[in-house]
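# just a sequence and a predicted model for now, questions to come.
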Amino acid sequence: MTAAETATGKGWGAAPSATWAVTGLALRQTSRGAVVVIALTALMSAVTVGAYRGAVASPSDAAALAALAENPAIRTLFGEPVALHDAGGFAVWRTGTVLSVLLAVWGLLAATRITRGEEDAGRWDVLLAGRVPVRSVVAHHLATLVAWALLAGVAAFTGLFAAGATAGGATAHATGLALCGVFFVALGTLTSQVFAERSSASGAAVAVLGVGMLLKMVGDGIAGLEWLRWLSPFGMAALARPYDGDHMGPLAVLGAVCTLLAVAAIAAAGRRDVRGGHLPSSSGRAPRRVLLGSPQAFAVRRLLRPLAAWSAGIGVYYLLIGVLAVSMTAFLAANPRFAELAAQAGFGGLVTVEGYVATLFALLAVPVGAFAAVRLAGLAQEETSRRLTLLLAQPVTRVRVLAAEVAAAVGGAFVLTTVAGLATWAGARTVGAGLGLLAALSGAWNVLPVVFLCLGIGALALAWVPRAVAFAGCVPAAGGFLLKVFADTWGWPTWIGQVSPFTHLTALPDVPVGRDAAMVMTTIGVLAVVVGAAGYRRRDLRV
Amino acid sequence: MVSSAFHTESLTKRYGRMTALDRLDLSVPPGEVFGFLGPNGAGKSTTIRLLLGLARPTAGRAWVFGADAADVAVTHRRLAYVPADVALWPRLTGAETLELLARTGPGTDLAYRAELVERFGLDPSKPGRTYSTGNRQKVALIAAFATRAPLLVLDEPSSGLDPLVEREFRRAVGEARDNGQTVFLSSHQLSEVEAVCDKVAILRAGRLVDVATVRELRRLHRTEVTAAFATAPPDLTRVPGVEEVETTGATTVRFALTGPPGPALRALADADVLNLAVREPSLEEIFLGYYGGRER
Ligand SMILES: Nc1ncnc2c1ncn2[C@@H]1O[C@H](COP(=O)(O)OP(=O)(O)OP(=O)(O)O)[C@@H](O)[C@H]1O
Ligand SMILES: [Mg+2]
């Protein structure tokens, strides 16, 4: 942390130390997320190479896998399988899309957060009143993020290479991944200069991500439209064909595009006002008076936008899960080794449509739990940003405000799980998988008790460690999920696995409802919310 | 009928080892415009936050119209609050924010609100994030005055307002007083408090130093004048309102001026003044002058 020390220690005296201080600031704001992303990149790459060795032992296994990979839905989801005969190529196919989207999302969110977000919150006013010009501040933040993205590339290479994949393909893949990260880091920085509002800047960058992914998917899935991939950063990374030629041409083009974007972002930064963008933010509009009548209504109003975005994401994912139901289960039934591997990691019963759907519904607890945790973290954020002060100066108790937020989050979680159930059912219907609507819905709703746990822990955090609401709220779902996977994979003692809520989720719609576990989890969640509310009522407001 | 709009009994707030507010006993009678004066960090906002139940006292208690300050569902039905640093929801327009505050608040006089929007010159169609500091403050002030609540608690209400809006603000305070409402406003500007308040409490380093009427306070209000003359300076010591005359050079004099400046100006006009500098001392300087340099 030498850079951070410079920031606080030496201060703003000389120009070089001032720019170092800016870099230190950027490092401090990004390091935690970046380290997680980099570690995941290395780990997933290495583990997948290892998994290939275990799963594809014979030529017939490889042939079955190749047939599965040619399924149009799978192709759309994972991309064109170019080198499934190679452990490295398999890892690229299996993890490439996930990792590049992970890097892209992290990159664009981090970029808009530490540039537009900080500026918008007024924290740059002091910084920019100093001797460092806007352009230089933006450039240093961008450079820090680019360095993180490149490190993620190094991590991917190291993961693949250390697990025994060959270096050439690993280089092509890692370069493509890193450049996808750089592309979205630069894009996020650019949209942060264009838009005066963080949410608009992130939204615009996410829209580009969506279009880019769509172009690649269409290019991958439909013969004759392969050229579309040249229009997408993900597509260009795929065109490098790691482990199947390792073409550097598309990567060079992508690198040039990234450079252009970065230059444009820095140039745009120099030509605007502090706290302003190139596009004027929305000027006046007529008032929309709905959902302003009570704290409850207002919580719903603030929920609607994010809920729409989460619903769209979860809906699309579970639609694909539904579409894949038949081909995945058929593949797993025909290739017991893959099914065994999944069962070892705690995912049994994958060979029937119901079992497969149930397993993937259990996963739903992770995003929906995160959604609930983020809602409560939003309340903590309202408090620190002092907006809540105005509401709490009304004849409205804190308990009522918290109850409103929790109720809105529960409603949101219900909507999200319903969307997932409906989407899966609709997807399964298109392939004639024979999944009943009620079975799909109840399978999705089955994760709600875990979400209640998330809300409970989140409420406790709001009362005693308000900084950590999002993290704490994610622990029951995301943490519990990881715990179960690790415990099952590495054969940890049973009681450890028992701690995870996932162990207690019945595999609906395969198995009838497990009322007891659901009741226990719900009760714990409700109690935790009550205790959290009591603590929240008692403490000082943080402003 | 309660005898005070609010009162506190050895109200104390400590943050770690630091005592932000030290055994405050204060009673504000209903129907008065009550100033709360103190330099930066004196504990004014802390007092207000304790009064609003936004923070919990370390010791002591506060009552608003006879109800415990912690019972916000009751006390907030009879008060309206404007924080020192107003933050609005970025996506809500001014009109929507006013709507939210009116519908969750203790009741709002909509006609008066519309009039205040006009008088304060607020464009309510803008989203919150585009408002300047002063405009955010206007939104909160309009919402508070429009409630016509029996107690208005205003934390440095005019710090971000331009002179025209500040005039409107003072008018609104006057209207509230005429209406029988109590106004409690904190400030670190002596002139502001003098202009609108009936009575003033002075806080310094967390301790209540004095509670005085504004007339008594005027003795605090003095102007520091430095004058340079072409020739030897005249004798000013006998001029009414002039105090602490100090000869700072062969032809320069510094003195403190209290009360009406007429006699002093006449005395100066008779002399050959080359240069005149008039300075309002800061509150801290005044306090040091009158209450001594007691430290935290
Ligand atoms: N949450 C907190 N944690 C620690 N110290 C605090 C906290 N809030 C206030 N203080 C300290 O308490 C003291 C009083 O602060 P307060 O905000 O009440 O002052 P003030 O009179 O309103 O000053 P100003 O005129 O600058 O607004 C200050 O020294 C401040 O640093
Ligand atoms: Mg204050």
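Everything's here; your move. Ligands and ions are numbered 1, 2, ... in the order given.
# going by C-alpha atoms from here, please, whenever you check contacts or count neighbours.
Fine.
# where does residue 208 fall, phi/psi-wise?
Using chain A. phi -60, psi -40 (degrees, to the nearest 10).
# my question was about chain B
phi -80, psi 120.
# tally up the residues packed near it, please.
21 (other CA atoms under 10 Å in any protein chain shown).
# give me the pLDDT for the closest residue to ligand 1 within the stretch 51-200 of chain A.
Nearest residue of the stretch 51-200 of chain A to ligand 1 (CA to the nearest ligand atom) works out as residue A:126 at 17.9 Å. The model reports residue A:126 with a pLDDT of 77.
# and it, how many neighbours?
So residue A:126, with other CA under 10 Å, has 9 neighbours.
# now do residue B:263
Neighbour tally, residue B:263, other CA under 10 Å: 14.
# okay, now residue 212: neighbour count?
Because you didn't say which chain, this covers chain A. Neighbours of residue A:212 using other CA under 10 Å come to 19.
# wrong chain, I was asking about chain B
15.
# checking the closest residue to it other than its chain neighbours next. Helix, strand or coil?
Among residues not flanking residue B:212 along the chain, residue B:200 sits closest, at 5.4 Å (CA to CA, 6 or more residues apart in numbering or on different chains). Put simply, residue B:200 is strand when judged by DSSP: H, G, I helix; E, B strand; the rest coil.
# element containing the residue of the stretch 51-200 of chain A closest to ligand 1, please.
Here residue A:126 sits within helix A:124-129, counting by DSSP states H and E.
# the following helix or strand past that helix - contacts with which helices or strands?
For helix A:124-129, the succeeding helix or strand toward the C-terminus, using DSSP H and E, is helix A:134-162. Of the remaining helices and strands, those touching helix A:134-162 by 3 or more CA pairs under 8 Å, 6 or more residues apart in numbering or on different chains; DSSP states H and E are helix A:15-55, helix A:87-112, helix A:167-194, helix A:249-270.
# so residue A:384 touches residue A:543, yeah?
Yes: at 4.9 Å, residue A:384 counts as touching residue A:543 under the criterion of CA atoms under 8 Å.
# and those two? which has more neighbours close in?
The neighbour comparison of residue A:384 against residue A:543 (other CA under 10 Å) goes to residue A:384, with 16 against 12.
# surely residue A:179 is in contact with residue A:258?
Yes: Residue A:179 lies in contact with residue A:258 (CA under 8 Å); the separation is 7.3 Å.
# the more surrounded of these two?
residue A:179 (31 against 22).
# check the gap between the closest residue to the more buried one other than its chain neighbours and ligand 1 for me.
Spatially, and ignoring its direct neighbours in sequence, residue A:179 is nearest to residue A:255 (6.5 Å; CA to CA, 6+ apart). Plainly put, residue A:255 is 48 Å away from ligand 1 if you go by CA to the nearest ligand atom, to the nearest Å.
# what's near enough to touch the residue nearest to residue B:212?
B:34, B:35, B:36, B:37, B:193, B:211, B:212, B:213, B:214, B:217 (CA atoms under 8 Å, 6 or more residues apart in numbering or on different chains).
# circling back to that earlier point, list the buried residues in the helix holding residue A:126.
Across helix A:124-129, burial judged by 16 or more other CA atoms under 10 Å in any protein chain shown covers A:124, A:127, A:128.
# pick the one among these closest to residue B:137.
The closest of these to residue B:137 turns out to be residue A:124 (CA to CA; 21.5 Å).
# surely that closest one and residue A:118 touch.
Yes: between residue A:124 and residue A:118 there is a contact at 6.2 Å, judged by CA under 8 Å.
# ok, residue 119 - contacts?
You didn't say which chain, so I picked chain A. Here residue A:119 is in contact with A:125, A:274, A:275 (criterion: CA under 8 Å, 6+ apart).
# my question was about chain B, not that one.
With CA under 8 Å, 6+ apart, residue B:119 has these contacts: B:165, B:168.
# where are the low-confidence patches of chain B?
Across chain B, the ranges flagged by pLDDT under 70 are B:1-2, B:218-220, B:282-296.
# all strands of it, in order?
B:6-15, B:18-28, B:33-37, B:59-64, B:67-68, B:79-82, B:151-155, B:182-187, B:199-204, B:207-213, B:222-229, B:242-247, B:252-258, B:273-279 (DSSP state E).
# and the fourth one, which strands flank it?
Applying DSSP bridges, strand B:59-64 is found paired with strand B:6-15 (antiparallel), strand B:67-68 (antiparallel).
# what's the angle between it and strand B:18-28?
40 degrees (axes from the mean of the first three to the mean of the last three CA atoms, to 10 degrees).
# ok, residue 148 - how many residues close by?
Just going to use chain A. Residues near residue A:148, counting by other CA under 10 Å, number 26.
# actually it's chain B I care about, not the one you picked
24.
# ok, the one 3 residues further on next?
Summarising burial for residue B:151: neighbours were counted as other CA under 10 Å, giving 30.
# ditto for residue A:244
Neighbour tally, residue A:244, other CA under 10 Å: 16.
# cool, residue A:498 as well?
15.
# and it, how far is that from residue A:355?
Going from residue A:498 to residue A:355 by CA to CA, to the nearest Å gives 21 Å.
# next up, the contacts around residue B:199.
B:32, B:33, B:34, B:35, B:211, B:212, B:213, B:214.
# compare these and tell me which is most surrounded.
Neighbour-wise, these (other CA under 10 Å) top out at residue B:35, 29 neighbours.
# what residues are up against that residue?
When contacts are taken as CA under 8 Å, 6+ apart, residue B:35 is in contact with B:184, B:185, B:186, B:187, B:193, B:197, B:198, B:199, B:200, B:201.
# residue A:76 now?
A:217, A:218, A:220, A:221.
# try residue A:79
A:93, A:97, A:216, A:217, A:220, A:221, A:238.
# closest one of those to residue A:175?
Closest approach to residue A:175 among the contacts of residue A:79 (CA to CA): residue A:238, at 11.0 Å.
# mind checking pLDDT for the closest one?
Confidence score, pLDDT, at residue A:238: 94.
# what about whichever residue of the stretch 401-543 of chain A sits closest to chain B, neighbour count?
Nearest residue of the stretch 401-543 of chain A to chain B: residue A:540, at 4.2 Å (CA to the nearest CA). Applying other CA under 10 Å, we find 15 residues neighbouring residue A:540.
# my guess is it is in a strand, correct?
No: counting by three-state DSSP, residue A:540 is located in no strand; its state is coil.
# my read is that residue B:65 contacts residue B:8, right?
No: here residue B:65 does not reach residue B:8: they are 11.2 Å apart, not a contact under CA under 8 Å.
# what do the two both touch?
Common contacts of residue B:65 and residue B:8 (CA under 8 Å, 6+ apart): none found.
# residue A:453 is in contact with residue A:372, correct?
No: the pair residue A:372 / residue A:453 is not scored as a contact, 9.9 Å apart, by CA under 8 Å.
# list of residues touching stretch A:96-105?
With CA under 8 Å, 6+ apart, stretch A:96-105 has contacts from A:37, A:41, A:77-79, A:149, A:177-178, A:180-185, A:206, A:209, A:234.
# kindly report the same for stretch A:486-504.
Taking CA under 8 Å, 6+ apart as the rule, stretch A:486-504 contacts A:344-346, A:362, A:450, A:476-477, A:479-481, A:483-484, A:517-518, A:521.
# coming back round to it: give me the residues contacting the helix holding residue A:126.
A:118, A:119, A:134, A:274.
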